[in-house]
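# Turn this into a model:
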Amino acid sequence: MNCMACIEYIIIGTMIISAILAVEWRDLLAATVGMAAVSLFASLLFFMLQAPDVAMTEAAIGAALSGAIFIFAIKRTQRFETEEEEKPGWWVRW
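Alright, predicted model coming up:
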């Protein structure tokens, strides 16, 4: 196994961790940052897979524009997700 494959697996792992954190965080601004991180790691992975045009589009639309729209919407609403009763994590809800 070469070094590039190891780096790709590390990027995929950080994408999975960022996605789980984006779903679990109650602070919607932090969840938006987690969502943007998934997009940035995806664009980095696309670049490593020799698709620079897809990588630039994912970085511009997926991370920058979507993140900005979510942050604008959060600024106009509540920043923290509220629930009447504390529910267990996603792994218990299944």
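# tell me, how many neighbours does the closest residue in space to E81 that isn't next to it in sequence end up with?
Once flanking residues are discounted, E81 sits nearest to R26: 4.8 Å by Cβ to Cβ, 6 or more residues apart in numbering. Backbone N, C-alpha and C define where each C-beta goes, glycine included. R26 has 11 neighbouring residues, counting by other Cβ atoms under 10 Å.
# Spit out the contact partners of the residue nearest in space to the middle of the chain.
Among the residues of the chain, the one closest to the centroid is M35, at 2.4 Å (Cα atoms, centre = their mean). M35 sits next to S18, A19, A22, S66, G67, F70 when contact means Cβ atoms under 8 Å, 6 or more residues apart in numbering.
# For it, what is the enclosing helix or strand?
helix 28-48 (DSSP states H and E).
# helices and strands around whichever helix or strand comes after that helix, which ones?
Using DSSP H and E, the helix or strand that follows helix 28-48 in sequence is helix 52-57. Under the contact criterion of 3 or more Cβ pairs under 8 Å, 6 or more residues apart in numbering; DSSP states H and E, helix 52-57 touches helix 28-48.
# Do you know the pLDDT at the residue nearest to the centre of the chain?
Among the per-residue scores, M35 holds a pLDDT of 93.
# Where does pLDDT dip in this protein?
1, 82-94 (pLDDT under 70).
# for stretch 42-54, which positions count as buried?
Across stretch 42-54, burial judged by 16 or more other Cβ atoms under 10 Å covers A42, S43, L44, L45, F46, F47.
# how about a markdown table for those residues, with distance to A55 added?
Formatted as a markdown table, the buried residues of stretch 42-54 follow (distance: Cβ to Cβ, whole Å):
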| residue | distance to A55 |
| --- | --- |
| A42 | 8 |
| S43 | 4 |
| L44 | 7 |
| L45 | 8 |
| F46 | 4 |
| F47 | 4 |
